Each structure stands twice: as structure tokens, then as C-alpha cells.
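[1] Here is my input, please return the structure:
(one chain, ligands or ions: 2)
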Amino acid sequence: MKQTLIELQQICKRYDTPNTTNVSVLENIKLTIVEGEFVSILGPSGSGKSTLLRIIAGLVPPSDGAVYYSGQEVRGANPGVGMVFQSFALFPWLTVLENVKLGLENKHLTETVKMRKALSIIDMLGLDGFENAYPKELSGGMRQRVGIGRALVMEPDILLMDEPFSALDVLTAENLKRDLLELWTEKKIPTKSIIMVTHSIEEAVYMSDRAVVLSRDPARIIADIPIPMTHWRDKQDVQFTGLVDRI
Ligand code: ADP
Ligand code: MG
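    Numbers count the residues shown, from 1 in each chain. Ligands and ions are numbered 1, 2, ... in the order given. All right, here's what the predicted structure looks like:
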């Protein structure tokens, strides 16, 4: 039996805005993520993808329902996840090494151990030689590598990524996707599951093995589809039409 890592039970989220109250963004979302899955979350703009990811991370509380990580209800920050943001969210006044080490801030580790872990992940992500560089000295792709490094250095069971490639040019994004898929499929990182928000069906098919689709109105899951387990190196040739029809 595969370990259940994340379970969402009847998650509802309503927001109040200056002009409206109780706008429903997520309605009765039920979702289970087990060990080994790479799940994509798709859906139109405003369908609640980022909200769902933030609820899983514990950065935003649900209005109703509960989030479980490894059978434990999550209240506050989810200890099992590392998060990667579309806009990288790096601290401009900190170096690459310092930004990555931030991921270990709340861990009770000695400075030596933090340093060793951070340098190892920097090396793994192809950022060696840039340890002391500042974000503004890096390309977009390298900045996102730092963002991924900061999440992975915690060795989280689950990696959450919110449109991690959409701020990058096509070629840079492609390189980063390949490097990440290699680390993931060859088990060079201890992460057990990945949940990625994307607006690209191609990206979902290429990278993940399950696609969960949200709609805007009603704010529900309208499809939860397994993606054929072709190796990612061969997936560029996969026909997308069948999947598109089902979404
Ligand atoms: P997506 O990532 O799919 O584009 P979001 O989760 O960002 O969707 O947003 C879903 C809806 O919730 C949008 O209509 C957005 O305006 C609204 N929303 C998101 N965050 C807030 C917030 N903090 N306060 C009020 N409304 C919000
Ligand atoms: Mg979003």
C-alpha cells in the first residue's frame, strides 16, 4: 500500500473583498495524494489553483474542511511541504547560498550541517560557482533554481510548485523541467510527491502522471485523470488530443 501523504476533506474557501462578501473560490474539494505521484493542477485563471496550493501548504486556512498530512490534521504551516513560487520570491539582499539556507531556518541543525546541505543542493541544481551571487546577478532560470533549492533543501515529503516555469522563456523553462524530472525520476531528491499548478496541458502531460482540473463556476474539481506512464524523455511525442477532449 502506498502511503497517503495529503488528504483534503471537503475543503471550502470563501473570500471577502471590499465589494463582495463570501465569494466561493473552492467548494467541497476532496483530494488524496499518495507517495510517488506527480500531480498537476490545471484550470482557468481564477479557478482557485493557487488558493488550493496555499491551503495545502497551510499558508491560508480553509473556510471549511480539513487538510491532513500523513494522517495528521494540519493547522498552520504544513511541515511536510516545500513551496516554489511563480515569481521566485527570493530575498534580493541575500546571496544564493543565504537564500537556499533560509529553507533550513526553522530546523534545529548546526551551522555546519546547514552549510553542507545547502551547498549540496546548490551543486545538484547546477548553481555551483554562484553561491555568493545576488539574485539580480542571475538569469530568470537560475533564480528559479534558487527558489527550488530553497524548497528542496528542507527535504520535504511534498514539493508544491505554483506555475514555476511561466515567468521563464521557453528554452530556459525546458532545461529546468528536464533537470527537475531527472532529479525526480532518478530519485536523486528525497521528495515523495510533487504537486504542480500549471495552465499548460502540454506541461502537465510531459511532467506529471495525474491531472486534476478545477473549474471556476462551480469552483470544483471537474476532472481527475491519470496520464499514461510514458517516460518523460519520450513524452514529447505523446498525442495531446485525447486528453484535451476529456478535459
Ligand atoms: P488561480 O491561481 O487559479 O488563478 P487564485 O487561487 O489565485 O486562482 O484565485 C481564485 C479567486 O480567488 C480569484 O477570483 C481571486 O481574485 C480570489 N482571491 C485570491 N486570493 C484572494 C484574497 N487574498 N482575497 C480575496 N480574494 C482572493
Ligand atoms: Mg494562480
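
[2] Mind telling me which residue of the protein is nearest ligand 2?
    residue 50 (3.2 Å; Cβ to the ion). Placement of C-beta: from N, CA and C, glycine included.

[3] isn't residue 64 right up against residue 10?
    Yes - applying Cβ atoms under 8 Å, one finds residue 64 in contact with residue 10, separated by 6.6 Å.

[4] Within range of ligand 1, give me the residues from the protein.
    15, 17, 25, 43, 45, 46, 47, 48, 49, 50, 51 (Cβ under 6 Å from any ligand atom).

[5] Run a quick neighbour tally on the last one.
    I take that to be residue 51. Number of residues near residue 51 (other Cβ atoms under 10 Å) recorded here: 21.

[6] so what's it up against?
    13, 25, 26, 60 (Cβ atoms under 8 Å, 6 or more residues apart in numbering).

[7] pretty sure it belongs to a helix, no?
    Yes - counting by DSSP: H, G, I helix; E, B strand; the rest coil, residue 51 is part of a helix.

[8] re the thing from before, how much space is there between the residue of the chain closest to ligand 2 and residue 200?
    15 Å (Cβ to Cβ, to the nearest Å).

[9] before we move on, what about residue 131?
    32 Å.

[10] Kindly report the same for residue 223.
    Residue 223 is 16 Å from residue 200, by Cβ to Cβ.

[11] Identify all contacting residues around the lengthiest helix in the chain.
    Using DSSP state H, we find that the single longest helix of the chain is helix 170-185. For helix 170-185, the external contacting residues (Cβ under 8 Å, 6+ apart) are 38, 124-126, 139-141, 144-145, 148, 164-166, 168, 188-189, 191, 194, 203, 206-207, 231-232.

[12] and it, how far out from the chain's middle?
    14 Å (Cα atoms, centre = their mean, to the nearest Å).

[13] Repeat that for stretch 90-104.
    The chain centroid and the centroid of stretch 90-104 are separated by 19 Å under Cα atoms, centre = their mean.

[14] mind exporting that stretch as PDB, just the C-alpha atoms?
    In PDB, the C-alpha atoms belonging to stretch 90-104 read as follows (Å, rounded to 0.1, in the frame of the first residue of the first chain):
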ATOM      1  CA  LEU A  90      13.900  35.400  -3.400                       C
ATOM      2  CA  PHE A  91      15.300  37.900  -0.900                       C
ATOM      3  CA  PRO A  92      17.300  40.400  -3.100                       C
ATOM      4  CA  TRP A  93      19.600  41.300  -0.300                       C
ATOM      5  CA  LEU A  94      20.700  37.700   0.400                       C
ATOM      6  CA  THR A  95      23.100  35.600  -1.700                       C
ATOM      7  CA  VAL A  96      22.200  32.400  -3.400                       C
ATOM      8  CA  LEU A  97      23.700  30.400  -0.500                       C
ATOM      9  CA  GLU A  98      21.800  32.500   2.100                       C
ATOM     10  CA  ASN A  99      18.500  32.300   0.200                       C
ATOM     11  CA  VAL A 100      18.800  28.500   0.000                       C
ATOM     12  CA  LYS A 101      19.800  28.200   3.600                       C
ATOM     13  CA  LEU A 102      16.600  30.100   4.500                       C
ATOM     14  CA  GLY A 103      14.800  26.900   3.800                       C
ATOM     15  CA  LEU A 104      16.500  25.400   6.900                       C
END
